[in-house]
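Engineer: Requesting a structural model of the entry that follows:
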Amino acid sequence: AAALFAAGCAGARSPAHPAGEGGAEKKLKVVTSFYPLYDFASKIGGDRADVTNLVPAGVDSHDWSPRLQDVRRISEADLFVYLGAGYEGWVDEFLDALDPGGAPKTVEASRGADLIRLSGGDAHRHDGGGGPGHGHGPGNGHDPDRGESGNTGGRGDGHGRDAGRDFPVTDPHVWLSPKQALVLADNIRRAFVEADPDHREIYERNHGLLAGRLAELDAKARQMADNAAKKTFIVSHASFGYLARDYGLTQIGVMGLSPDAEPTAGWLREVREEAGRLGIRYLLFEELVSPRVAETLAESLGIETLVLNPLEGLTEEQLEAGEDYFSVMERNLTTLAVALE
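Structural biologist: Predicted coordinates for the structure are as follows:
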C-alpha cells in the first residue's frame, strides 16, 4: 500500500488556481471518499466545482480500497474531502505520502463532530454511546437495551480503529445523524472557501441552503423519535448509533460495527429475549446486505425485516432516479417510525 500511495502521489501537480489565468475560469476539482461527502460537496460547490466520488455506485465502501488511478485522481485534485474518524482505513497512509507543499488541500469532514468513542471492554459491550438505559444488562456485561456501537468481536476492520491497536474504537457513522451532518457540511463549506476564496459568496449561499435542509431533517428526526411508542430498535449492522444517541433512541446491533462480524449464539439469545421483552417486531437490515442473510437472522430472532439504508453508497438505479442523501434519510426515518410503533 505504501508503494502504491508513493507512486500515485509522485506525479502530483501543484494546486490549480480555480480562477484560471488567461481569462477562462476553471472549476474547483474536488474528490470525495464516499457518497454522503460527495452529495454535500456537490451541493455546496454547485456549478463552480467538479466533484468526483471515489467509490463506484453500488459498491460497499467498507470493502473498497483505492487503486493507483484513484490515488492519482486525488493527487491531481484541488481539494480532497474524507470523513476521518477511522472510516477510511487507507487514508492516513495516503496523507503521509503527500507532498506537504503540493496538491491537494485536504479536509477531515468529521472534525469537531461529537464522536462516539469506546475503549477497552466498552467496545465489546453493546453500547449506544451514552444513550438512554445506562446500567448493567443481562450476562457478561452486555446490555442490549443500551444499543450497539462497538464491534461484537472487538474487531476494528479499519472501521474506527486506532493505528496499531484494537482500542479505542470510534464509531464512524456520524453522517447518519442530521445533527452531526451539519458539522460535516460546515467543514466542507470552510474548505471550499479556503481553496477558492474568490467564490466565497457562492459557496456560502449554497451551504446555507444545504444547512437549512439538514436543520429540517433534524427536526423531522426529533419529531419521529418523540412520537415513537418504542425507543429501541434492532439493526443487523450497528450503523445508527449517532441517530439513536442524538434523538433519545437506542439501537441493538446484531453484528456490531463491522457488517462482516458474526454474532455469537449467546448474543443472539440475549437479543431475542430483549426483543420479546420490549415488543420489538422488526430487524432493520442494510440495503446492500443479502435479504437471505437478513431473513435468516430475523427468523432466529423471531421477528420480521425492514430495510434501512446506511448511506455508504447509492446504486446506479438510485442515482438515475434522482435519489440523494435527503430522500434516503427521509425514507429511513419513515421506516424507523414503523419499527418503533
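
Engineer: tell me which element residue 189 falls in.
Structural biologist: If you go by DSSP states H and E, residue 189 is part of helix 178-195.

Engineer: and that helix, what other elements does it pack with?
Structural biologist: Helices and strands touching helix 178-195, by 3 or more Cβ pairs under 8 Å, 6 or more residues apart in numbering; DSSP states H and E, are strand 28-32, helix 35-45, strand 79-82, strand 105-108, helix 200-227, helix 241-246. Any C-beta I mention is one placed from the backbone N, CA and C, and that applies to glycine too.

Engineer: which residues does residue 226 contact?
Structural biologist: residue 248 (Cβ atoms under 8 Å, 6 or more residues apart in numbering).

Engineer: One more: residue 183?
Structural biologist: Per Cβ under 8 Å, 6+ apart, neighbours of residue 183: 110, 112, 113, 114, 174.

Engineer: ok, the fourth one - contacts?
Structural biologist: In this structure, residue 114 makes contact with 180, 183, judged by Cβ under 8 Å, 6+ apart.

Engineer: three-state assignment of it?
Structural biologist: Secondary structure for residue 114, judged by DSSP: H, G, I helix; E, B strand; the rest coil, is coil.

Engineer: List phi and psi for it.
Structural biologist: phi -80, psi 90 (degrees, to the nearest 10).

Engineer: cool, and the third one?
Structural biologist: In this entry, residue 113 is assigned phi and psi values of phi -70, psi 160 (degrees, to the nearest 10).

Engineer: Could you tell me how far it is located from residue 237?
Structural biologist: Plainly put, residue 113 is 20 Å away from residue 237 if you go by Cβ to Cβ, to the nearest Å.

Engineer: which residues sit against stretch 271-280?
Structural biologist: Outside stretch 271-280, the residues that reach it (Cβ under 8 Å, 6+ apart) are 138, 144-145, 230, 232-234, 252, 254, 263, 300-303, 339.

Engineer: ends of stretch 38-51, how far apart?
Structural biologist: 7 Å (Cα to Cα, to the nearest Å).

Engineer: Quick one: residues in contact with it.
Structural biologist: So stretch 38-51 is contacted by 18, 27-32, 52-53, 81, 109, 181, 184-185, 188-189, 192, 196, 199, 202-203, 206-207, 209-210, 324-325 (Cβ under 8 Å, 6+ apart).

Engineer: Buried subset of these, written for ChimeraX?
Structural biologist: Here is the ChimeraX command that selects the buried residues among these (16 or more other Cβ atoms under 10 Å):
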select :18,27,28,29,30,31,32,52,53,81,109,181,184,185,188,189,192,196,199,202,203,206,207,210,324,325
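
Engineer: quick one, strands of the stretch 51-200 of the chain?
Structural biologist: 79-82, 105-108, 116-118, 169-171 (DSSP state E, counting those that start in this stretch).

Engineer: Turn those strands into CSV, including mean pLDDT and distance to residue 38.
Structural biologist: Output for the strands of the stretch 51-200 of the chain, formatted as CSV (pLDDT from 0 to 100; distance: least, Cβ to Cβ, whole Å):
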stretch, mean pLDDT, distance to residue 38
strand 79-82, 97, 8
strand 105-108, 95, 13
strand 116-118, 85, 23
strand 169-171, 89, 21
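
Engineer: Check those for me and report the most buried one.
Structural biologist: strand 169-171 (a mean of 27; mean count of other Cβ atoms under 10 Å).

Engineer: Tell me which other helices or strands that strand touches.
Structural biologist: Using 3+ Cβ pairs under 8 Å, 6+ apart, strand 169-171 sits against strand 116-118.

Engineer: Tell me which other helices or strands the strand it packs on touches.
Structural biologist: Using 3+ Cβ pairs under 8 Å, 6+ apart, strand 116-118 is in contact with strand 169-171, helix 241-246.

Engineer: Let me have the ones you listed in a markdown table, extended by distance to residue 47.
Structural biologist: Formatted as a markdown table, these follow (distance: least, Cβ to Cβ, whole Å):
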| stretch | distance to residue 47 |
| --- | --- |
| strand 169-171 | 35 |
| helix 241-246 | 32 |
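
Engineer: so which of the ones you listed gets nearest residue 93?
Structural biologist: Comparing the helices and strands packed on strand 116-118 by their distance to residue 93 (Cβ to Cβ), the top pick is strand 169-171, with 17.8 Å.

Engineer: quick one: which of the contacts of residue 183 is most hemmed in?
Structural biologist: When these are compared by neighbour count (other Cβ atoms under 10 Å), residue 174 ends up highest, at 27 neighbours.

Engineer: and residue 266, how far is that from residue 188?
Structural biologist: 43 Å.

Engineer: Good, wrapping up.
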